[in-house]
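>>> What follows is a predicted structure for the sequence shown.
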Amino acid sequence: MSNRKLIASISPWEERVGYSRAVCVGNIVEVSGTTAVDGDTVIGEGSAYQQTVFIFRKIEKALKEAGSSLQDVVRTRMYVTDISKWEEIGKAHHEFFKDIKPAATMVEVKGLIDPRLLIEIEVSAVKA
C-alpha cells in the first residue's frame, strides 16, 4: 500500500517479532501494545501509575511521528496484570484523556512478557 506509513521505535522486539510501534493508513493510526520499557530498563517498576504515565508519553511520541496526537485517540485498550490497580491506572488515563474521553477497555491478563511489567496499552486514533 502506498499510503501505509510504518512507525518504528528503538525496541529490538520489532524486528525480531515483525511488527511496528504504529501503523498509519490514510487517517487511521493503530499503535501496538506498548509497555514501560526503555531500552533494557523497566520504568516505574512496581508502580502501575508510573508505568501508565510513561506508556502514554511513549504512545504520544508514536502518534506525533504518524502525524497524529492524543487528541485524535478514539480507543484505548489496557491489559493489566492486577485489576486491583485499576484506580492508579485510571488516574493516569484521566490525566491524559479527561477532555478527549476515548472508548476504553481494561482487561486483566495472566501476565506480560516481563513479570515487572504491570500494564500494556494500545490505542487507535483517527486523524482529523
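Thanks, I have the structure now.
>>> ranges for the helices of the chain?
The residue ranges that make up the helices of the chain, judged by DSSP state H, are 13, 48-65, 86-97.
>>> any idea of the mean pLDDT for the longest one?
Within the predicted structure, the mean pLDDT of helix 48-65 is 96.
>>> Hmm, Ala125 and Gly67 touching each other?
No. Gly67 lies out of contact with Ala125 (C-beta atoms under 8 Å); the separation is 10.1 Å. (Each C-beta comes from the backbone N, C-alpha and C, glycine too.)
>>> Who has more neighbours out of these two?
Ranked by neighbour count (other C-beta atoms under 10 Å), Gly67 and Ala125 place Ala125 first, with 26 against 13.
>>> Quickly list what that one is bridged to.
Note on Ala125: beta-bridge partners by DSSP bridges are Val29, Val73.
>>> Quick one: residues contacting it.
28-31, 63, 66, 68-69, 72-74 (C-beta atoms under 8 Å, 6 or more residues apart in numbering).
>>> Quick one, which of the residues you listed are buried?
With neighbours counted using 16 or more other C-beta atoms under 10 Å, these contain these buried positions: 29-31, 63, 66, 68, 72-73.
>>> tell me which of the residues you listed is nearest to Lys5?
When these are compared for distance to Lys5 (C-beta to C-beta), Ala66 comes out closest, at 6.4 Å.
>>> What residues does the nearest residue to Glu95 once chain neighbours are set aside make contact with?
With C-beta to C-beta, 6 or more residues apart in numbering as the criterion, Glu95 has its nearest non-adjacent residue at 7.3 Å, and that residue is Val53. When the contact criterion is C-beta under 8 Å, 6+ apart, the partners of Val53 are 44, 92, 95.
>>> Distance check, Val53 against Leu112.
The spacing between Val53 and Leu112, counted by C-beta to C-beta, to the nearest Å, is 17 Å.
>>> Many thanks, have a good one.
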